[in-house]
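**Student:** sharing a model that was predicted from the sequence below.
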Amino acid sequence: MYKAILFIAVILSAQAVFAQTGNTVRIIVQNKDTKENIAEATVSVKDTEISIATDAIGKAEVSNIPDGERIIEVFSPGFDSAELKLTFPLTDTSELTVFLELNNEVGEVTVTSTRTGREIDAEPSRVEAIDEEEIDEKISMRPANVSMVLH
């Protein structure tokens, strides 16, 4: 009899442990101007290790969020970040839409060069020299195809 009661207690306690999965929120991330979904945006819960990227259609499902007031941060390169202040457990479990505003500012870019008295053949690393005529010739190509300049 003792073994049967112990077995039932273990089964019930294991079920209670697996039932505690935390809270879940579903988020759709969209461009504020075009209303297009933003793929690979990062959705994270501040002050936790919880973070996930949106899928190809701009959706993310964040799970195991602890109870209480939490700040959900959404950001993507080229956009301003957004924050949602939510209290868990949520009373409304429908999908939330977050709109990110396009930010065209580019961070600082530094280009440096050096000129030494050594010959290119004597350099220990690969050096590619591109003359002005070749650059003028390649300038009409697509900017994304930088490798064409080096061939």
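**Tutor:** Arrived safely.
**Student:** so V43, which state does it fall into?
**Tutor:** strand (DSSP: H, G, I helix; E, B strand; the rest coil).
**Student:** what helix or strand does the nearest residue to it once chain neighbours are set aside sit in?
**Tutor:** Nearest-residue entry for V43: A60, 4.5 Å, with adjacent residues in sequence omitted and distances by CB to CB, 6 or more residues apart in numbering. Heads up, the C-betas are built off the backbone N, CA and C, glycines and all. Element membership for A60, per DSSP states H and E: strand 59-65.
**Student:** ok, residues contacting that strand?
**Tutor:** Contacts to strand 59-65, defined as CB atoms under 8 Å, 6 or more residues apart in numbering, come from residues 21-29, 37, 41, 43, 45, 48, 50, 52-54, 72, 88, 95.
**Student:** next step: these restricted to strands.
**Tutor:** The strands in this structure, assigned by DSSP state E, contain 23-29, 43, 45, 52-53, 72, 88 from those.
**Student:** pull the most distant pair out of the residues you listed.
**Tutor:** For those, with distances taken as CB to CB, the pair at the greatest spread is A53 and F88 (21.1 Å).
**Student:** who has more neighbours, those two?
**Tutor:** Neighbours of A53 and F88, each counted by other CB atoms under 10 Å, are more numerous for F88; the result is 16 against 13.
**Student:** for the closest residue in space to the more buried one that isn't next to it in sequence, what are its contacts?
**Tutor:** Counting by CB to CB, 6+ apart, the nearest residue to F88 once its immediate chain neighbours are dropped is N23, at 4.2 Å. Contacts for N23 (CB under 8 Å, 6+ apart) come out as 63-67, 88-90.
**Student:** using CSV, lay out the residues you listed together with distance to I130 and pLDDT.
**Tutor:** Supplementary listing: these in CSV, determined by distance: CB to CB, whole Å; pLDDT from 0 to 100:
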residue, distance to I130, pLDDT
S63, 51, 90
N64, 52, 90
I65, 52, 91
P66, 56, 91
D67, 60, 89
F88, 57, 89
P89, 61, 89
L90, 57, 87
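**Student:** picking up where we left off before, what subset of the contacts of strand 59-65 is buried?
**Tutor:** 23, 25, 27-29, 37, 41, 43, 45, 50, 54, 72, 88 (16 or more other CB atoms under 10 Å).
**Student:** which one of those is nearest D136?
**Tutor:** Distances from D136 to these, taken as CB to CB, are shortest for A41 (39.4 Å).
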